[in-house]
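Student: sharing a model that was predicted from the sequence below.
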Amino acid sequence: MLEFMDYVQAAFHAQSCWNRDNSYASLTTTAHHLLDFPIPQGIRLHISSLSSSNFASSYTLGNQGVVDGSLSFLYTSLGLRIPGRSSAVHLGLFVQGYRQLTALQQPVVSKPNGVARDGKDVERKDALLYGRLYLPTSTLEALYLRRISPARLLRIACVSDSGLPNGGSILAVLQNDFGKYSTEYLYSTDSALLGMRGLYNFGYDPRFPDLYASGRPPSPPWDHQGGRLSAGAEAYFSPLNKSGGISTGLRFTTLPTHTGFPYTMTLTLNPLMGNLSSTYAVKAGPNLAFCSRFDFNVYSYESDVKIGMELWSRQQPSADVAWATSMLRPDWKRVEPDANGVLKATVDNHGKVGLSWECRVKELLVSLGAGFDLQKRQRMLGNVGVERPGGDEVRVAGNPIIVLNMRHPPTGKHYTSTSGTTHVSHAVKPVNPTRAVPSHRHEPGIIGDEIG
Amino acid sequence: MAFNFNWSPLIADTDRVRDMLTRSLNKSPKPPIIVDDIIVNELNLGSTPPELEILEVGDLAEDKFRGIFKMSYTGDAYLTLKTRVQANPLNTYLSNKPSFASPQPLAASSGLTIPLQITLSDIRLSGFVILVFSKQKGITLVFRNDPLESLKVSSTFDSIPFVRDYLQKTIESQLRVLFMEDLPAIIHRLSLQMFSTEYQGTEAQEPAKDQSGQRAPMDPFASPAQQATDSFGQPLEKTYASFSQKNLLRLAALTESQRTLSLFTPSMRDTVYRAWASAADRNELSNGRNTPLHRPTLSRIQSTVGSHSAWSSSAPSQASETPSANTRPGLASFPSAPTVYSLASSAPRSRAGRKRKNRIINLRKEKVEGDVSDVASVSSGYPESADCSATGSTAPSVEAEPTMYPSARVREGEISTPPRSPRKKVGFQQASEPTRLTAESASARRPVTPRNTAPMQVEDDDQTPRASMYLPKDRNQTPKAEPRPSRQRLTRMQTLPTRDKPPELPRRASDLSIHSLGAASSGSEGSTGGILEQAWMMRMANEIARKVAEEKGRRPTWRAGGDEGEVPPPAYVS
């Protein structure tokens, strides 16, 4: 489950029309979501709020170590229009599953409301500032995002920690998205790592939509209209370490226009290390997706297989409107009902099993997770804890989102001996400051889910 | 001087060393480049031993050694390690970086683990070694300087010069750490294991020895010696040996000196008394009465605490004697008691304090009879010290013995299993006599005071040396046989003199008298018990009460138990 700040950043990208999927770094996003989902550890409580459309804050309290926590604040120059109440948040936005890619579009900058002066659009240079302080360790994270131009995004991430060499590191990424292709340039102060990524999409070029519209010669078999083939590569080099790495990748994914079930295939290759990785993800139904990954190293002959699935439990349409929905024709656009919960499970050939259940409990978002190692019988099952979210009693002025997250620290170094988790997010409606205390959320009067 | 270093057994025992090396290598957190456990695959110490040059020998004994050596090694030992390493530099580089600011490459950081075999050979060592060996603490071996001169590292990556150099450098630095820190620990643990296994065998046998043989000798020396020996396993025998041989001789000498009537003995008295106290007990148990000599000493010790009891004893004795004699001893002995205190109090008191703990256990139930016996002995002691009436005093002293018999029996019974009825019976009989006295002399004022003091006395008696007499018995029941012969010989020699005889006659008389005392004493004491006596007794009672209070304050728990034990007798009597 995404943390609130990631959710806000995603909203920032979405609202500023930045296509994050058009990057080599997100080539295997679907498989990553389905197979490498994070399993919460210990108990963690998040209380977050989007106090205005430009400002968000989040507090975390956890039980790793004795007590740990973090404070985070976010400012964005772009007014975000997203639901702030956890009851109004679409669970699909918080839980990342099968990623359905859409057709490429010409990158644009969000237009300001109203017409720009002088009759021409004023380029907005939206920026986002984010800072997070982890309390016991005094680690500071800072992020600066800026849309330099419609096709360019600058991202600077800093970490300051006394435990790190040089006291921290800075990573600067410049992303260019031209629709048809995208490039990224990275620089990390840590050992002066330089990097470059590139992604090229075959077929449809959003910059020249006319070409596509007019009668083109029949597209090659891999470029049928329902899908998109992308190829990319990345290269890193550290002049200080005199070390580096490269990898290349291919992806084919179906687009919404595809008539069959959606699927995604990727193939990545690390020629230096001889590592070959292929994934195949299929969305077998509106509520079900499967994914498998096969890794093979041609030098060491090591192989690894991992399969995973996700299952969404949707809210049943009420009986009152059942007759209406049944009347909808198949080709009509339907409003997808929000999910009650998402179950994710993975298993790999080493006997490691991961389970995750993310759901909405009343107005709290809860995430539970457990990891097992079937090969280590003695501690196959770690603690699995379930917590009744305490968000009911939490009342904060403003419009907070409370996220409860319960975990148990792993007993061993293996990810196996995992743990139960509760991840609760809870938002109270924005309250008039003059009112004493926000009313109980079961109160029918509380509606304001849209903020800003 | 020559040292014999045996190199071959070390070679033979490489398995254990290998395990320990493996364990120690995997103990500390490994760098991210090493993705698997480091396994010591082969370890060969070679055939050529290191050369040792003795620079200094600081401490040399049978079971400990301390010396400084100059060591140089140019042997053919080699060591082979096996592990798996991460070959992707990007992977290791990113593994310990925070994810927030990491480039998060898609596949460029995918891992490639390669099995790695490293062989260390041509090890050249030279350095100063400090070796400390003691049997208890094992071997401690410390390098004073960095001993590693050079070594040859050959690995799977020898063809790649960069990797080879890196490995050589890293391993050398790691080995330095190993030599300076890990190796001493390993050697120490190994040596401890070796010694502990040896000890285990011996320890298994020792307990049995302790039970059968060792304890018997221990007993005569009462509690202090035993305590000292209990804590250690080995020292037990030594202390025992030293105690038994020397102390016996010394004690014998002391007893001899007592017999000689020489005036020099008093300075040694304290020690003598202690030893005799235990010896006397045993003798009394066994023969019942060849201990006239000890009596006085005992009584003197007891007098420190039990002097107040003298009055009660004096009463019976007086009853048996002529009234004039009665009055006189009573008067004379009372002052004398304090004097005894002052003379002998310092040492005996302290000892009594030390032994209290043990005493507490036994005394609870027998206080009444104990009182009587104490009283008797005390009274006997006075005559000697104060030169009071000879006959009158001796009679009680002998008379004490019969009373002690039952008490001893009772004690023994208690230890094994407490047969309630007999013990109570004894206690009752003993208790009954004083009570009878009080009952009969109800009209007279005297009885009142004894009553008050009786319970107090009991409590005080617990602290008196008498207790020490019991204690040894309790423990020594089994071992009696061994130590006694020597002891008895000593005592017998001492007991030869006329002392034995005089007691005999009076004893009978006293026996009778004690039984008939009740009636006689009531009459005579009632008349003779003067104001002086009464006043003194009151004083004593007060003092005792104060002491009791002190005691209570000091040991509340014990007191509670004691009270419970003491309460019943009066109830029973009344």
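Tutor: Here it is on my side, so go on.
Student: quick one: residue A:45 from residue B:110, how far?
Tutor: Per CB to CB, to the nearest Å, residue A:45 is found 36 Å from residue B:110. The way it works is simple: take the backbone N, C-alpha and C, and place the C-beta from them, glycine included.
Student: er, residue B:182 actually
Tutor: Residue B:182 is 34 Å from residue B:110, by CB to CB.
Student: look at these two and report which has more neighbours.
Tutor: With neighbours defined as other CB atoms under 10 Å in any protein chain shown, residue B:182 and residue B:110 compare such that residue B:110 has more, 23 against 19.
Student: number of nearby residues for the closest residue to that one other than its chain neighbours?
Tutor: Closest residue in space to residue B:110, ignoring its immediate chain neighbours: residue A:275 at 3.9 Å, by CB to CB, 6 or more residues apart in numbering or on different chains. Counted by other CB under 10 Å, the residues lying close to residue A:275 total 24.
Student: residue A:275 contacts residue A:297, correct?
Tutor: Yes - counting by CB atoms under 8 Å, residue A:275 does reach residue A:297; the two are 5.2 Å apart.
Student: overlap in contacts of these two?
Tutor: residue B:112 (CB atoms under 8 Å, 6 or more residues apart in numbering or on different chains).
Student: where does residue A:82 fall, phi/psi-wise?
Tutor: With angles defined as degrees, to the nearest 10, residue A:82 sits at phi -130, psi 150.
Student: domain map for chain B?
Tutor: Chain B breaks down into these domains under automatic domain parsing: B:8-90+B:108-186, B:272-573.
Student: lowest mean pLDDT across these, which one is that?
Tutor: Lowest mean pLDDT of the domains of chain B: domain B:272-573, a mean of 48.
Student: residue in the stretch 301-450 of chain A nearest to chain B?
Tutor: residue A:302 (6.7 Å; CB to the nearest CB).
Student: the closest residue to that residue other than its chain neighbours: how many residues sit nearby?
Tutor: Excluding the flanking residues, the one nearest residue A:302 by CB to CB, 6+ apart is residue B:113, at 6.7 Å. By other CB under 10 Å, 20 other residues sit near residue B:113.
Student: what does residue A:102 give?
Tutor: Neighbours of residue A:102 using other CB under 10 Å come to 11.
Student: ok, it to chain B distance?
Tutor: From residue A:102 across to chain B, the span is 21 Å (CB to the nearest CB, to the nearest Å).
Student: circling back to that earlier point, shouldn't the residue nearest to residue A:302 be in contact with residue B:35?
Tutor: Yes - the criterion here is CB under 8 Å, and residue B:113 meets it with residue B:35 at 5.3 Å.
Student: joint contacts of the two?
Tutor: Shared contacts of residue B:113 and residue B:35, defined by CB under 8 Å, 6+ apart, comprise B:84, B:85, B:86.
Student: quick one: those residues as CSV, columns for distance to residue A:158 and neighbour count too.
Tutor: CSV is the format used below for the shared contacts of residue B:113 and residue B:35 (distance: CB to CB, whole Å; neighbours: other CB atoms under 10 Å in any protein chain shown):
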residue, distance to residue A:158, neighbour count
B:84, 35, 17
B:85, 32, 22
B:86, 27, 20
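Student: between these, which is closest to residue A:368?
Tutor: residue B:86 (33.0 Å; CB to CB).
Student: and that closest one, what does it touch?
Tutor: B:32, B:33, B:34, B:35, B:92, B:111, B:112, B:113.
Student: repeat that with 6 Å
Tutor: Contacts for residue B:86 (CB atoms under 6 Å, 6 or more residues apart in numbering or on different chains) come out as B:33, B:35, B:92, B:111, B:113.
Student: now render these as TSV, adding distance to residue A:53 and secondary structure.
Tutor: TSV is the format used below for the contacts of residue B:86 (distance: CB to CB, whole Å; DSSP: H, G, I helix; E, B strand; the rest coil):
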residue	distance to residue A:53	secondary structure
B:33	48	coil
B:35	48	coil
B:92	43	helix
B:111	44	coil
B:113	49	strand
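Student: wait, residue A:188 touches residue A:171, no?
Tutor: Yes - using CB atoms under 6 Å, residue A:188 is in contact with residue A:171, at 4.7 Å.
Student: buried sites along whichever helix or strand residue A:8 is part of?
Tutor: Element membership of residue A:8 [criterion: DSSP states H and E] is helix A:4-15. Buried residues in helix A:4-15, counted by 16 or more other CB atoms under 10 Å in any protein chain shown: A:4, A:5, A:7, A:8, A:9, A:10, A:11, A:12, A:13, A:15.
Student: of those, the lowest pLDDT goes to which?
Tutor: residue A:4 (85).
Student: isn't that residue right up against residue A:49?
Tutor: No - using CB under 6 Å, residue A:4 makes no contact with residue A:49, being 8.5 Å away.
Student: residues contacting residue A:194?
Tutor: A:187, A:237.
Student: quick one: pLDDT of it?
Tutor: We have a pLDDT of 93 for residue A:194.
Student: partners of it in the sheet?
Tutor: Here residue A:194 sits in beta bridges with residue A:187, residue A:237, going by DSSP bridges.
Student: do you know how far it is from residue A:247?
Tutor: Separation of residue A:194 from residue A:247 (CB to CB) stands at 15 Å.
Student: likewise for residue B:170?
Tutor: If you go by CB to CB, the gap between residue B:170 and residue A:247 works out to 28 Å.
Student: same question for residue A:323.
Tutor: Applying CB to CB to residue A:323 and residue A:247 gives a distance of 53 Å.
Student: hang on, the earlier thing: the residue of the stretch 301-450 of chain A closest to chain B - how many residues pack around it?
Tutor: Residue A:302, neighbours per other CB under 10 Å, totals 14.
Student: neighbours around residue B:544, how many?
Tutor: The burial count for residue B:544: 22, using other CB under 10 Å.
Student: how about it, secondary structure?
Tutor: Secondary structure state of residue B:544, per DSSP: H, G, I helix; E, B strand; the rest coil, is helix.
Student: how near is it to residue B:552?
Tutor: In this view, residue B:544 and residue B:552 are 12 Å apart by CB to CB.
Student: and if you look at residue A:95?
Tutor: According to CB to CB, residue A:95 and residue B:552 sit 74 Å apart.
Student: more neighbours: these two, which one.
Tutor: More neighbours surround residue A:95 than the other of residue A:95 and residue B:552, with 23 against 15 (other CB under 10 Å).
Student: does the more buried one touch residue A:357 like I think?
Tutor: No - contact criterion CB under 6 Å: residue A:95 and residue A:357 do not qualify, at 10.2 Å.
Student: how about low-confidence regions in chain A?
Tutor: A:108-123, A:209-225, A:330-331, A:333-336, A:377-452 (pLDDT under 70).
Student: which bits of it sit near chain B?
Tutor: Contacts of chain A with chain B, taken as CB under 6 Å from any CB of the partner chain, map to A:25, A:27, A:141, A:157, A:159, A:169, A:171, A:186, A:195, A:234, A:236, A:243, A:245-247, A:268, A:270, A:273, A:275, A:297, A:299-300.
Student: burial count for the closest residue in space to residue A:179 that isn't next to it in sequence?
Tutor: Nearest non-adjacent residue to residue A:179, counting by CB to CB, 6+ apart: residue A:206, 3.9 Å away. Residues within reach of residue A:206, counting by other CB under 10 Å, total 17.
Student: in three-state terms, label residue A:206 for me.
Tutor: The three-state label given to residue A:206 by three-state DSSP is coil.
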